[in-house]
Each structure stands twice: as structure tokens, then as C-alpha cells.
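Asker: A structural model of the following input is requested.
(one chain, ligands or ions: 1)
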Amino acid sequence: MPLRTRRLGAASLALAALAGFTVSLLSAQPAAAADPLRTLAAAKGKFIGTAVATSPLANETAYRTIAAQEFNQVTAENAMKWDSTEPNDNQYTFSGADQIVAFAQANNQIVHGHTLVWHQQTPGWVQSLSASAMKTAMLDHIATVVGHYANNPAVQSWDVVNEVFDENGGFRTSFWYNTLGSGFIADAFRAARAADPDAKLCINDYNVEGINAKSTAMYNLVSSLKSQGVPIDCVGFQSHLATQYGFPGQLTENVARFAALGVQVRFTELDVRIVLPADTTEINTQNQYYTNIINACLASTACPGVTIWGFTDKYSWVPDTFPSEGQALIYDANYNAKADYTAIATALGAGTGGGDTTAPSAPTNLTASGTTSSGTTLSWTASTDNTAVTGYDILRAPGASGGTFAVVGTSTSTSYADSGLAASSTYRYQVRARDAAGNVSAVSSTVSVTTLSGGGGPGGCSAVGTTQTQWPGGYVIQPVTVTNTGSAQITSWTVTFTLPAGHTITGSWNAVLTVSGQTVTAKNANYNGTLGAGASTSFGFQVARPTSDTALPSGYACAAP
Ligand code: XIL
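Answerer: Residues are numbered from 1 along each chain as shown. The predicted structure is shown next:
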């Protein structure tokens, strides 16, 4: 791997940066391939950031130089957390946080504040307070910490709450939630807005990059906060990825659904860890994951940028937190740029850049074929674009007329199989194309589809299971889509399916599962049994299996009384 020595000596850059800290991320200057990451990102109107730690920032020239030259955004890895800023009640210390903000200002970088309300790295004195005292302490902490930087133009955003969900999509039973209930979340956002009306206010979490129970809970919360007028501007996908667990499923769709709520989507803590020793396959996978996240941000106008959780393996949190895993960052422990650096530079440098405002042509010749009582297959003629079409959105409206078209899926080819439809029902479809810059075409002409009767009658239902992710030793089936295929409302449903021998269910959500032999019976939860004709709901589950086994469940069947 090449040493980036040429850049380490580029003192002129630092001098230019000292001239002022007005950050012009959207300058869309043309960038060359050998440019630093921040130049490539700025040419696309994005930031590329890193988390920084106070000690190497103060003590190591190589660390400081790379942090300054390669990134146009920084996040304090620890220095703005509660235990650093208010270790004792009402005793605020900003020495570490101010050091990082001063560094950012000197280097023309923007700062993301991390984090105000979290269940970790928060002093014991907070955790044992009564409800009213805890709320007062939280509001005071937010007002003081956000207020400290409110007039500083470098500090532009905050993680207001961090990691409030558990893996099943419930609220995490942290001391915050246990003492104050979920209302602390809205209270925290309102306090942050009051302290800095200009800052972008985010909710941040891990394992929410793909579509799953946890990200759906996040989506529902953001949607509900928005509808109540709670000031929330952004969602942070931490993106602590690992090659052993696969890339998050449906990440593009997940970004799109949050974008549709009117919030930014930020990748806030990206790293990709490997079980050591790393082999070539894992390193290639790691390069691809970095590329995928950069491309996902480039493809969405809702994404302002990507922050990597550090840059050198010398100071990564991974080996301390995940025993026997590491090499997660883009420079090795000796500050040599790794192949991940090149992957990011290539992704940031690709295409025509932020200047591309040309939308693809609308797809043509949309047709439906192979229609059954519950599904149909769409195909169309490809769109053209000045750069390249990166995918298609499939939109569906219920009925022969009226209703609203909503995106039901995406495709990177020129066909799409839709499923989970009600029998004897009419649907209308349209397709539109996207390019890497986020330009969207006009919609195609509409095709109308009427499903077959299928003998469903009152009380019919269908179940379709989707494999969200799998790894040696297990998998997640999410969603299992349950659709009322009958003509009347149902008030309960029962799905059965067959679990391969040797597989064990380790978790489930949105249904109550019982296992007898190889047969699993999933009954609706108390909140999702009622489905109008044609309506759908879903549940999911996680399974452990022998590592040598690649089998998956089969024979999904649904019954409703
Ligand atoms: C980590 C830091 O990287 C470590 O140095 C510290 O010891 C623990 O916290 N999610 C977050 C970050 O929101 O604040 C965490 O940072 C990593 C997981």
C-alpha cells in the first residue's frame, strides 16, 4: 500500500485552511483522482468525516495531518459525551471538546456533536436521580452543552439521543427509559432546538442500516415525532459493519423511506471489522462495504455525508470491543492508506459529480405477466441516462382508479415480481428510474392488473417469507408478509411453516411463535391480528443453524378463521 507522504507534506493546504473556516461543501469544484477524500467529497456536495480522539490529536503529527487533509467533517469520538462534559452535577468541562472544535475550525471542517443523551458514558450521579431531577439534569445538560457551541459556525449538528432501541424494535430499557418513559426523547429534541435553532438534530443508532424490526421502530418513531411537531432533522445510521454478518439488506430502500419522511440520513460511525487474521476475501468484502456506503450516500439527496469511526487501525475501538476482530479502518496502524482508502476515493471520484441534474428517461413498455391470485411479474424497457441508470422504483396503487401510488419495491434489472396481493383484486403499477446522483425519471405509463380468484373467499390469507440476511450459523427471516386475501376483515391469523432439522428459533417479533417438531406455528400478536380485505402486516424471526447448513424454512401457509 502506498504511503501518502506527498499529502503529509502539503503545508500549503493547512495554510489555506487557516485563512477562514467558511465551509463550502457544495462548491462542486472538479476533483482529480489523486485529490484527498475531502476534495472528492466536496465536489459531490458531500462531507467525508472521521471521529477524532483528543490524545493522538494533541500528540501525533501524522494523526493530525491525515485528519486535517483527508476529512472535511469531524466528530468527537468521546470528548463531547456526558462523562467528559459534565462529570459532576453542574460542573462542565469543555477542554477536550474545545480542542477538537478548534482543530476543526483551523482546518475548515464542520463538527457533528456526539452525543447528548445516551445510556453509556454517562456518570453514575445521573443514573440514580429521581424522575423529576433526572429530567431537570437532562434539560440543563442539553442547554449547556449545545448552548456552548450554538454561536460556533463549525458545530452544525448533534446526536440528541443515541441507541434508544433494543434489537427487537422495543425501546431499550435504559435508565433513561425506565425513569422517564419514552417522553425523554421528544423532551431532549425540544431542548436542543431551544439551545441552537440552527443545528441539525439527529437520532442515532446501530443495526438500523437495513430494513429490520429495529429500523422499522426507528422509522415509526421519527414519523410520529414529525407528526407531533418535535424538531428532528436527521437519522444517523452508525454503520458499524462486520464482514462476517453480510451487508445490511435493503439499505437503499431504508434510506429512501427515511428520506420520504423529510429527514436527512447520515452514516455516522462507519467501520467494517474483520475476524482476524484477515484473508483476501474478507479484505475485498470490506472494500466493497465501504464502497457500498459511499455509493448509498452519493445516490441520495437526503444524505449529506459519511463519517468514518476513526481512520487508523492504531486507534480503532474495535479490538477493545469485539475480541479477535479488527483492521476495521482505512489506514493501518502505521498510517499507511489501505485498499479501503482507494475504494472510497474511487467511489467518491466516480461519475460526473454533484453537477449532474439530468434525470433518466421514463421506462417504457411496462407490462404484467404470470399473474396469480397473489402475485404478478412486471417487465419494462430500460431507461437511458447521461451517466447510468442505477435502479428502478416500483409504484403501486390499489384499485382500478383513485388511491395513491406508493413505492412497493425496487429493482436493478428491468423486471420485478410483486407478491402478497389479495385475490380477485385490481392494482395499478408504474415504474420510474434513478441515477447515481439521485435524479429520478418521470413515471412510466400505468399498467392495470387483476389477480385471480384463488378460492380465497372470506377468511383467506397468504404468507410470504423473505430472507433478510444469513450467515454461517444463522439467518433472519423478515418480513414474513401476511395478507388478507379474502373479501372481508379478519381478526386473527395463523401462519405455519417448516423449520429444517437442527435449526432453533432464537428470537421473533410481531407474532407469537410455538414450535412442535419441525412445524412452527406463528399466531398474530395482540396488535396485528385485524386485517381489512387486501391489507397486509408482517412479522419476523431469527434462527440459529449448524454452520455447515444452508437450508432455510419452507412451506409457509396462512389460515384465518
Ligand atoms: C465508542 C468509542 O469509540 C470508544 O473509544 C469508547 O470507549 C466507547 O464508545 N456507538 C457510539 C459511539 O455511539 O459513541 C461509540 O464510541 C461506539 C458505538
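Asker: Could you use CA atoms for every contact and neighbour count after this?
Answerer: Noted.
Asker: Please work out how many residues are found near N152.
Answerer: Residues within reach of N152, counting by other Cα atoms under 10 Å, total 12.
Asker: Can you tell me the SS state at it?
Answerer: Classification of N152 using DSSP: H, G, I helix; E, B strand; the rest coil returns coil.
Asker: Please list all residues in contact with it.
Answerer: Neighbour list for N152: empty [criterion: Cα atoms under 8 Å, 6 or more residues apart in numbering].
Asker: Kindly report the same for T537.
Answerer: T537 sits in contact with 481-483, 528, 531, where contact means Cα under 8 Å, 6+ apart.
Asker: Distance of it relative to I490?
Answerer: 12 Å (Cα to Cα, to the nearest Å).
Asker: Name the residues contacting each of those two.
Answerer: Taking Cα under 8 Å, 6+ apart as the criterion, T537 and I490 both touch L531.
Asker: how about L116, what does it touch?
Answerer: With Cα under 8 Å, 6+ apart, L116 has these contacts: 80-82, 141-142, 158-162.
Asker: Return the backbone torsion pair for it.
Answerer: Main-chain torsions, L116, degrees, to the nearest 10: phi -90, psi -50.
Asker: Please name the nearest non-neighbouring residue to G147.
Answerer: A195 (5.2 Å; Cα to Cα, 6 or more residues apart in numbering).
Asker: How many residues are close by the one you found?
Answerer: A195 is flanked by 20 other residues according to other Cα under 10 Å.
Asker: cool, and G517?
Answerer: Using other Cα under 10 Å, G517 has 9 other residues around it.
Asker: Make sure W509 is actually in contact with K214.
Answerer: No - checked against Cα atoms under 8 Å, the pair W509 and K214 is beyond contact range at 10.2 Å.
Asker: which residues do the two both contact?
Answerer: Joint contacts of W509 and K214 (Cα under 8 Å, 6+ apart) are N168.
Asker: who has more neighbours, those two?
Answerer: When W509 and K214 are compared for neighbours, K214 comes out ahead with 22 against 19, by other Cα under 10 Å.
Asker: That one: what secondary structure?
Answerer: Following three-state DSSP, the label given to K214 is helix.
Asker: For it, which non-adjacent residue is spatially closest?
Answerer: Distance criterion Cα to Cα, 6+ apart; nearest residue to K214, sequence neighbours excluded, is G169 at 4.1 Å.
Asker: Which secondary structure element is home to the one you found?
Answerer: Taking DSSP states H and E as the definition, one finds G169 inside no helix or strand.
Asker: so where do the strands sit in the stretch 301-450 of the chain?
Answerer: Ranges of strands in the stretch 301-450 of the chain, per DSSP state E, counting those that start in this stretch, are 305-308, 325-326, 364-369, 376-381, 389-398, 406-411, 415-418, 426-435, 447-450.
Asker: so which of the ones you listed gets nearest P231?
Answerer: Within those, the stretch nearest P231 is strand 305-308; the backing value is 20.7 Å (Cα to Cα).
Asker: tell me which strands and helices the closest one is in contact with?
Answerer: strand 47-52, strand 73-76, strand 264-275, helix 280-299 (3 or more Cα pairs under 8 Å, 6 or more residues apart in numbering; DSSP states H and E).
Asker: Can you tell me the strand partners of that strand and which way each runs?
Answerer: strand 47-52 (parallel), strand 264-275 (parallel) (DSSP bridges).
Asker: which other residues reach it?
Answerer: Contacts with strand 305-308, where a contact means Cα under 8 Å, 6+ apart, come from 46-51, 73-75, 266-271, 293-294, 297, 329.
Asker: Going through the residues you listed, which ones are buried?
Answerer: If you count burial by 16 or more other Cα atoms under 10 Å, the buried members of these come out as 46-51, 73-75, 266-271, 293-294, 297, 329.
Asker: Just the ones in strands from the contacts of T537, please.
Answerer: 481-483 (DSSP state E).
Asker: Any chance of these in CSV with neighbour count and distance to L348 as columns?
Answerer: CSV is the format used below for these (neighbours: other Cα atoms under 10 Å; distance: Cα to Cα, whole Å):
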residue, neighbour count, distance to L348
T481, 17, 37
V482, 27, 41
T483, 27, 42
